[in-house]
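> no FASTA, just this:
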């Protein structure tokens, strides 16, 4: 075979493959038009002069119904040109009821045109890669003895009213509480008197929580193929634990009448856990707390939304474990960026580098402080409500953050994105 023929084939074969791909895209787009005949146009704009990755886009149900009264949440797709974008419909969360999707990237100041196609009748299931997860698993078939659960096997449940017998290390709840993860990182909190938040560092983009704690109750403290528990919480705030600061101490939700935890969403792109704490007794107050934790695909961030009832606390606080091997970083924020409290250094249980942070709205900021175990930020609830984010970044993640400079750059970029969310506009086609 002569060189000219080889060169001709080298050019022709990729061109044929490209034509096959384009033909398949056209055929898929035509099929979608037939299956989902009605359409809405949507523009998603990045207001920042910097690119952003793994961009969560939310379209509230109320806005959908306003633009398309016959919109059917059981039969829709989202398209970027002719390419279908994975999406999900949140139906259980009042404040997040609507379409959720994640764009891989938006360029600086980019305005992206998307299309929502729907069929006003019927149900159409879409098969997308699972990139988030939330789960709650406890033992059944055994019994409590001296506040330890003897026998039984783990079973996943949608909700749990925590039995009065449960305390720390009762061996009743798998990995001791609810867990949630994205393709970047996993988290859990102790669903007992400790109520501290911990981190599962991941060495894979796959979902892993379903296997954690199954092969030995606390084997996750040792590095495995999937990753490991990378944070020592102890008596501290771990990362992002809710507390009330009083008399020089960050007090976690320790003494309550009862606790109920519910898996609100367990979706491919967004997952969420809601927990109600009844009768939290702290600093001569008693109040109820509604906690909502959420995470989306491609993100390390957990969004924590809190509402309290029965009292008007002067502060709700959060923070991070103190570790002598980690450098403290902080910012009170501005009109262009959220504030943050963060640490970075060789502070993981694997003795490698880990960054942890909480991010908050500048208008909620009261002061930075500390106690014996934690770096603390005190925040002012507005109308007894508060929201903040927390995150962890382990150096062994796929394409993980490897040093302090990278972590600081990531923090500042994230703080700017929170202050400048993407803008979404719907219109009929």
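Happy to help now that I have it. Since the model is a prediction, treat every value here as computed from it, not as a measurement.
> Could you use CA atoms for every contact and neighbour count after this?
Fine.
> lowest-confidence helix or strand of this protein?
helix 3-35 (a mean of 64; mean pLDDT, DSSP states H and E).
> after that helix, next one along is what?
strand 38-45 (DSSP states H and E).
> residues in contact with that following strand?
If you take Cα atoms under 8 Å, 6 or more residues apart in numbering as the criterion, strand 38-45 is touched by 57, 67-68, 109-120, 422-429.
> Next, find the distance separating the nearest residue to residue 365 once chain neighbours are set aside from residue 339.
In this structure, residue 365 finds its nearest non-sequential neighbour in residue 379, 4.8 Å apart by Cα to Cα, 6 or more residues apart in numbering. As judged by Cα to Cα, to the nearest Å, residue 379 and residue 339 stand 11 Å apart.
> how about the strands of the stretch 301-429 of the chain, start to end?
Secondary structure of the stretch 301-429 of the chain by DSSP state E, counting those that start in this stretch: the strands cover 302-309, 316-321, 326-331, 339-345, 354-360, 365-370, 374-379, 385-394, 423-428.
> how about TSV for the ones you listed, with distance to residue 156 and mean neighbour count added?
TSV is the format used below for the strands of the stretch 301-429 of the chain (distance: least, Cα to Cα, whole Å; neighbours: other Cα atoms under 10 Å):
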stretch	distance to residue 156	mean neighbour count
strand 302-309	22	20
strand 316-321	29	28
strand 326-331	36	16
strand 339-345	34	25
strand 354-360	29	26
strand 365-370	37	17
strand 374-379	33	24
strand 385-394	25	22
strand 423-428	36	14
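> Of those, which is nearest residue 133?
strand 302-309 (12.4 Å; Cα to Cα).
> Note down every partner strand of that closest one and its orientation.
strand 285-296 (antiparallel), strand 385-394 (antiparallel) (DSSP bridges).
> Just confirm residue 349 contacts residue 233, I think it does.
No - between residue 349 and residue 233 there is no contact, the gap being 10.4 Å when judged by Cα atoms under 8 Å.
> circling back to that earlier point, for the buried ones among the contacts of strand 38-45, write the corresponding ChimeraX selection.
Burial among those is assessed by 16 or more other Cα atoms under 10 Å; the matching ChimeraX selection reads:
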select :57,68,110,111,112,114,115,116,117,118,119,120,422,426
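> The contacts of strand 38-45 in helices, which ones?
Within the contacts of strand 38-45, residues falling in helices by DSSP state H are residue 67.
> Who are the contact partners of the spatially most central residue of the chain?
With distances taken as Cα atoms, centre = their mean, residue 295 lies nearest the centre of the chain, 1.4 Å away. Residue 295 makes contacts with 132, 180, 181, 182, 270, 271, 272, 301, 302, 303, as judged by Cα under 8 Å, 6+ apart.
> Out of those, flag the one nearest to residue 35.
Using Cα to Cα, the contacts of residue 295 come closest to residue 35 at residue 270, 25.3 Å.
> and the closest one, what are its bridge partners?
residue 296.
> is it true that it touches residue 102?
No - contact criterion Cα under 8 Å: residue 270 and residue 102 do not qualify, at 9.2 Å.
> Between those two, tell me which one has more neighbours.
A side-by-side neighbour count of residue 270 and residue 102, using other Cα atoms under 10 Å, places residue 270 first with 28 against 21.
> how close does the more buried one get to residue 386?
From residue 270 to residue 386 the distance is 21 Å (Cα to Cα).
> any idea of the mean pLDDT in stretch 384-394?
What stretch 384-394 shows for mean pLDDT is 98.
> Name the residues that touch it?
185, 199, 201-202, 239-240, 300-309, 312-313, 316, 348, 353-361, 380, 400-401, 407.
> again, but for stretch 66-81
Outside stretch 66-81, the residues touching it (Cα under 8 Å, 6+ apart) are 36, 40, 64-65, 84-87, 89, 113-125, 426-428.
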